[in-house]
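J.: model the following, please.
(one chain, ligands or ions: 1)
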Amino acid sequence: MFYQVYVRSFADANTDGVGDLRGVRDRLGYLSLLGIDALWLTPFYRSPMADHGYDVADPRDVDPIFGNLDDLDELIRAAHQEGLRVTIDLIPNHTSDRHPWFMAAGSAPPGSAERERYFFRPGRGPDGAMPPNNWLSVFGGPAWSRLPDGEWYLHLFAPQQPDLNWSHPDVVADFEQTMQFWLDRGVDGFRLDVAHGMAKPADLPDMAEPQAPGVLKHADHEADPRFDNDGVHDLHRMIRRVADKYADRVLTGEAWVVDDDRLARYVRPDELHLAFNFRLLEADWNAEMFVEAITHSLNAMSSVDAPPTWVLSNHDMDRHVTRYGGGELGTRRARAAALVQLALPGVAYVYNGDELGLPNVELPDEALQDPVWERSDHADRGRDGERVPLPWNGAEPPYGFTEGPGTWLPMPADWGGLAVEAQLDDPDSMLSLYRNALEIRREHPAMSGDEVQWFGAPTGCLAFRRTGGLVCALNAADELVPMPPGEVVLSSGPLEDGMLPPDTAAWLV
Ligand code: NOJ
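T.: Numbers count the residues shown, from 1 in each chain. Reported below is the predicted structural model:
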């Protein structure tokens, strides 16, 4: 059971309105109480924050906005004492344009050795004024930017995130050093950003059909040479060899790959341990789509004997309360979806705020900070709406997130009821639902085993049984349906005369 801490938005200890490592350390008691096993901390490295830390200028230091190395050491120590493991994000695909390597490359001439750690190319057309190929940036616009000397460089994300050339030995050696640096400090593993993007085809061929911009989408390597190139697997084997020098460390890859078999390749026995699977997150509120997403995810992983992974929300996607319709309806559905997610075998990830039922926030234009907003010419509002700081207590912003005067994104005026303190003692709150569900998931023998057996269920509903005997039933239709036999141990909402109401899920043994 992982808990994703979006460090900027979790808790602020130094009153600057931005979450930090001490803030996380101060709230470890809450995370223990919630009942998770491990943290995934989003990037806290030195960064100009063009993509909120996914643009790294020094991968072996903490950005002052988040604290310092002592704060991290203290966080790891305290988390371990609470029995929580700590995993951190690594960003192998690109650096910041303020990384010393890119600064050196920018001031060195075309053709220089300094440029070989990235992808520098002359442009196309008579005066080289067209980008070297037709690749698009995931954030919108071309994936190439031009320097004043006429050469172009590749960035699959923002121009401030130049892609590294993993065929260069310095890139490999430096990454190994970074891994060891953090492993030596006691981190329990890594989440690897854009794990499907690190290897590029040597000739950088055009994309068959340049995709419309969109933040993150499943890549089909046949049509899209930017991602999921076969060469990436040797890199993951190297990364695994480094992790294996240490006992008990875990590697999770972010791999947006369409095909189940292609996804399975990332978690072969000598590669990563886990790969995110976003099919459940992408499913609409529809039982058939849920069944399809779950079946695909289970099949993909069973071929390589790796645990499946389950995600409903993260810092890149609209929160699921909002995706399922928002308001009371979205919340009811989110409660039910949580029981589906947490009943499944394998590894589940809770994104901070899922357990509070936070919705996305409609932010005013002037508050938006995600580079997607500018890169898309204001067509896409970006990901700030799912990154708003967490409410901890009190009736008005900043709800105990900070003791300072402001927060890096504005917090809504009506979040008092969603604050941790307001939910903790309310048995019907989302937080109580998560705590109960996590306790059962952790401790109930019926939760054991890797198999999921599907039952016939009324249209618009699903029901499955874990090897250990736990049955999960979901009604995503709009009428009451009968429940499968068994004793109810948890339900996402009130039941009616033993029937399962719409937008409700139940666990039975
Ligand atoms: C995936 C991360 O989750 C996202 O937030 C980031 O913008 C891109 N990778 C680029 O690093």
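
J.: quick one, what contacts the residue of the chain at minimum distance from the ligand?
T.: Here the chain gets closest to the ligand at one residue, Y54, 3.4 Å apart by Cβ to the nearest ligand atom. For every residue, glycine as well, the C-beta is placed using N, CA and C. For Y54, the contacting residues are 43, 47, 89, 91, 157, 161, 193, taking Cβ atoms under 8 Å, 6 or more residues apart in numbering as the criterion.

J.: go on, G29?
T.: Applying Cβ under 8 Å, 6+ apart, one finds that G29 lies in contact with E82.

J.: how close does the spatially most central residue of the chain sit to D354?
T.: Ranked by distance to the mean C-alpha position of the chain (Cα atoms, centre = their mean), the top residue is N314 at 4.6 Å. Distance, N314 to D354, using Cβ to Cβ, to the nearest Å: 9 Å.

J.: which residues of the chain lie near the ligand?
T.: Residues of the chain lying close to the ligand by Cβ under 6 Å from any ligand atom are 51, 54, 91, 157, 193-194, 254, 315-316.

J.: can you do 8 Å?
T.: Selection of the chain residues close to the ligand by Cβ under 8 Å from any ligand atom yields 42, 51-52, 54-55, 89, 91, 93-94, 138-139, 156-158, 161, 193-194, 215-216, 254, 314-316, 383.

J.: any stretches of this structure with poor pLDDT?
T.: Applying pLDDT under 70 to the chain flags the ranges 211-219.

J.: list phi and psi for the residue nearest to A283 when sequence neighbours are not counted.
T.: Ranked by Cβ to Cβ, 6 or more residues apart in numbering and with sequence neighbours excluded, the top spatial neighbour of A283 is M289, at 4.0 Å. The phi and psi values for M289, taken as degrees, to the nearest 10, are phi -70, psi -40.

J.: what's the burial count for M289?
T.: By the criterion of other Cβ atoms under 10 Å, M289 has 16 neighbours.

J.: next up, the contacts around the most far-flung residue of the chain relative to its centre.
T.: Relative to the C-alpha centroid of the chain, counting by Cα atoms, centre = their mean, P126 is the outermost residue, at 42.6 Å. For P126, no residue meets the contact criterion (Cβ under 8 Å, 6+ apart).

J.: can you check the one 4 residues further on too?
T.: For M130, the residues meeting the contact criterion (Cβ under 8 Å, 6+ apart) are 123-124.

J.: and S32, how far from D20?
T.: For S32, the distance to D20 equals 20 Å [Cβ to Cβ].

J.: who's more crowded, these two?
T.: Residue environment comparison for S32 versus D20 gives the larger neighbour count to D20, 28 against 14, counting by other Cβ under 10 Å.

J.: I'd guessed that one sits against D63; true?
T.: No - in this structure, D20 sits apart from D63 without contact. The criterion is Cβ atoms under 8 Å, and the distance is 9.4 Å.

J.: all helices for the stretch 1-150 of the chain, in order.
T.: Using DSSP state H, counting those that start in this stretch, the helices of the stretch 1-150 of the chain run over residues 7-10, 21-26, 28-34, 69-81, 100-107.
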